[in-house]
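*Asks:* need a 3D model of the following:
(one chain, ligands or ions: 1)
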Amino acid sequence: MTFHRQMFIDGTWTDASDGAVDTVPAPATGETFAETAHGTVADVDRAVAAAEAAFPGWARTPVGERARAFLTLADRVEADLSTLAEIESRNVGKPIGLALEEMGMIADHLRFFAGAARSVEGRAATEYVRGKTSIIRRDPLGVVGSVAPWNYPLLMAIWKISPALMTGNTLVLKPSEHTPFSVLRLAELAQDLFPAGVFNIVTGHGSDVGASLVAHPRVRMSSLTGSVATGRALMHASADSNLKRLHLELGGKAPVLVFADADVALAVDKIMEGAFCNSGQDCMAASRVYVHESLHDELVAGLEKAVTTLDLGDLADENTAMGPVITAAHRDRVEGFVERAKATGHTELIQGANPGVGFYTAPTVVVGARQGDEIITKEVFGPVTSVTTFGDDDDVVAWANDTEYGLAASVFTNDLGRAMDVTGDLQFGTVWVNDHLPVTPEMPHGGFKQSGNGKDMSIYALEEYTEIKHVMISRAGA
Ligand code: NAD
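*Replies:* Down below sits the predicted model:
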């Protein structure tokens, strides 16, 4: 059954100004399951105007009151967990277990931001000039225009919504055209919690709705989670419009370094999770494994056993490990990378099951990849990882850093000194030791190099969405 969802602008549910709609397929079957408004530039204008009108009132609302709205929303999200998870599972093609886990994180993130925003600080206030008191404030910027991706639609949106609203900005959010439904459900849960215009959602494509939002002269900050190419488009749009602030969370190509003293069974478990969770559609996916030559055969044997038995069953079954990828075009793109890796002639493929319906593709390990191969340098964003051997610790750190991406990396070793040295040398925003993938709202997430700038989550994200202001109060006659 196809259902229809409107957009949320200025506190009301609305169709696109020209009545256009987008249909969205379920990745597990390829069949249309829902449709949503295909917003227009006029809709973006209306949403930005509503957000601008709501800004002064929301900016002056005490942070504790904003926090109360967030805490209520967190309770509602928790009570709605199974509906939200069901939407995300169908829309993205996620196994229900993963969708439930993500929805549980949403409530926790809302609660974190509700509390943390109450402790945002300026530095010391004192008389740096005789008779004049200096105070540092952190003030909101105005209207924020945020653009979210399709891989973790609601979680990535929450990383944008929470710091923006909790610091007193108002927001226009554009979800991915592929996955608008969970954030529209969130708006249903939140609609009576925020004054009209504080929180707006315009659905539609990047090329029109997204582009007009990030180029809008009344938007003071744009935040994006998406590809490097889209990040570049935002930089151009900012330069050509009003030099708005940018917050960019972009792609990744996370290396996994398995040193000679590592626990191989642990590394296999964490690589499986890191590479195939969410069908590898994760900016931090464990997408290139470097293993010390002494452990290569044991690691590859472990991966082979795990990949060939990976459960790609019913999405509604909590034991299912992996689903399809997001679209037919993306499946073809992922399979193109695998074909070309095979065509190098120096690799061997280990592949798991492919149900052969919808947008499924087989989980794949490319064994024998060489530094410089496309499979090692380009972001695949699918259920594919590679294995490369190394002999020398310095070489492997140089190979890991030899990339334009810098989002995440992991190190498997039981040698504390080596862990300290290597984590210091790796140029990535998150480095795990003996793990790969976990995140927590208290800690920042963001990239070095072309993986973006700015941090999601943590107190640092709250700071990104504020401007520092110096207020100097002079004594009479001073
Ligand atoms: P994408 O860049 O194609 O799209 C992201 C969003 O930007 C979508 O809503 C899209 O409609 C919009 N968009 C596209 N062109 C636009 C334009 N010119 N102006 C304004 N908006 C535009 O990315 P995607 O395919 O949705 O997601 C995959 C990418 O996101 C991968 O590269 C992945 O690594 C990255 N990602 C990064 C993080 C992170 O935290 N760093 C997290 C998840 C995904």
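*Asks:* do I have it right that residue 266 meets residue 413?
*Replies:* No: here residue 266 does not reach residue 413: they are 10.8 Å apart, not a contact under Cβ atoms under 8 Å. (C-beta placed from N, C-alpha, C; glycine too.)
*Asks:* so what's the closest residue in space to residue 25 that isn't next to it in sequence scoring on pLDDT?
*Replies:* Nearest non-adjacent residue to residue 25, counting by Cβ to Cβ, 6 or more residues apart in numbering: residue 32, 5.4 Å away. pLDDT, residue 32: 94.
*Asks:* how about residue 1?
*Replies:* Residue 1 is given a pLDDT of 53.
*Asks:* what does the one 10 residues further on give?
*Replies:* Note for residue 11: predicted pLDDT of 98.
*Asks:* residues in contact with it?
*Replies:* Taking Cβ atoms under 8 Å, 6 or more residues apart in numbering as the criterion, residue 11 is in contact with 50, 191, 195-197.
*Asks:* could you give me the buried positions within the least confident helix or strand in the chain by mean pLDDT?
*Replies:* Counting by mean pLDDT, DSSP states H and E, the chain has its least confident helix or strand at strand 3-5, which shows a mean of 88. For strand 3-5, a neighbour-count test (16 or more other Cβ atoms under 10 Å) marks residue 5 as buried.
*Asks:* mind giving me the packing neighbours of that strand?
*Replies:* In terms of contacts (3 or more Cβ pairs under 8 Å, 6 or more residues apart in numbering; DSSP states H and E), strand 3-5 is packed against strand 32-37.
*Asks:* may I have the strands that pair with the strand it packs on, each with its orientation?
*Replies:* Sheet pairing of strand 32-37 (DSSP bridges) gives strand 3-5 (parallel), strand 21-25 (antiparallel).
*Asks:* for that strand, buried residues please.
*Replies:* So for strand 32-37, counting by 16+ other Cβ under 10 Å, buried means 33-34, 36-37.
*Asks:* roughly how far does the residue nearest the centre of the chain sit from the ligand?
*Replies:* When Cα atoms, centre = their mean is applied to the chain, the residue found nearest the centroid is residue 156 (4.4 Å). Counting by Cβ to the nearest ligand atom, to the nearest Å, the gap from residue 156 to the ligand is 6 Å.
*Asks:* over to residue 257?
*Replies:* Distance from residue 257 to the ligand, by Cβ to the nearest ligand atom: 20 Å.
*Asks:* and for residue 53?
*Replies:* 23 Å.
*Asks:* so that residue lies in a helix, does it not?
*Replies:* Yes: assessed with DSSP: H, G, I helix; E, B strand; the rest coil, residue 53 lies in a helix.
*Asks:* list the contacts of the closest residue to residue 458 other than its chain neighbours.
*Replies:* Among residues not flanking residue 458 along the chain, residue 444 sits closest, at 4.2 Å (Cβ to Cβ, 6+ apart). Listed by Cβ under 8 Å, 6+ apart, the contact set of residue 444 reads 429, 455-458, 460-461.
*Asks:* of these, just the buried ones, PyMOL syntax please.
*Replies:* A single PyMOL command selects the buried members of the contacts of residue 444 (16+ other Cβ under 10 Å):
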select buried, resi 429+455+456+457+458+461
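*Asks:* now, among the contacts of residue 444, which is nearest to residue 385?
*Replies:* Checking those against residue 385 with Cβ to Cβ, the nearest one is residue 429 at 19.9 Å.
*Asks:* the closest one and the ligand, how far apart?
*Replies:* 8 Å.
*Asks:* any idea how many residues pack against residue 40?
*Replies:* A count of neighbours around residue 40, defined by other Cβ atoms under 10 Å, yields 19.
*Asks:* could you do residue 235 as well?
*Replies:* 15.
*Asks:* among the contacts of residue 11, which are in strands?
*Replies:* If you go by DSSP state E, these have nothing in strands.
*Asks:* among these, which ones are in helices?
*Replies:* Members of these lying in helices (criterion: DSSP state H): residue 50.
*Asks:* highest neighbour count among the contacts of residue 11?
*Replies:* Going by other Cβ under 10 Å, residue 197 tops the contacts of residue 11 with 24 neighbours.
*Asks:* once you drop chain neighbours, what's closest to that one?
*Replies:* Closest to residue 197 by Cβ to Cβ, 6+ apart is residue 54, at 3.2 Å.
*Asks:* try residue 15
*Replies:* residue 37 is the one closest to residue 15 (Cβ to Cβ, 6+ apart), at 5.2 Å.
*Asks:* what sits against residue 461?
*Replies:* Applying Cβ under 8 Å, 6+ apart, the residues contacting residue 461 are 159, 162-163, 444, 454-455.
*Asks:* please apply the same query to residue 441.
*Replies:* 105, 108-109, 112-113, 457-458.
*Asks:* go on, residue 457?
*Replies:* Going by Cβ under 8 Å, 6+ apart, the list of residues near residue 457 reads 109, 112, 159, 439-445.
*Asks:* could you tell me which of these count as buried?
*Replies:* Using 16+ other Cβ under 10 Å as the threshold, 109, 112, 159, 439, 441, 444-445 are the buried ones among the contacts of residue 457.
*Asks:* now distance to residue 274 and pLDDT too, for these, in TSV please.
*Replies:* Listed next are the buried ones among the contacts of residue 457 as TSV, based on distance: Cβ to Cβ, whole Å; pLDDT from 0 to 100:
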residue	distance to residue 274	pLDDT
109	21	98
112	24	98
159	20	98
439	12	98
441	20	98
444	19	98
445	15	98
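*Asks:* how many neighbours does residue 79 have?
*Replies:* Residue 79 has 12 nearby residues by other Cβ under 10 Å.
*Asks:* ignore the last one, residue 43
*Replies:* 27.
*Asks:* where in this protein is pLDDT low?
*Replies:* 1 (pLDDT under 70).
*Asks:* one more time with 50
*Replies:* Across the chain, nothing is flagged by pLDDT under 50.
*Asks:* quick one on the thing from earlier: could the strands paired with strand 32-37 go into a markdown table alongside distance to residue 315?
*Replies:* Shown next, in a markdown table, are the strands paired with strand 32-37 (distance: least, Cβ to Cβ, whole Å):
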| stretch | distance to residue 315 |
| --- | --- |
| strand 3-5 | 18 |
| strand 21-25 | 14 |
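*Asks:* closest to residue 79 out of the ones you listed?
*Replies:* The nearest among these, by Cβ to Cβ, is strand 3-5 at 20.1 Å.
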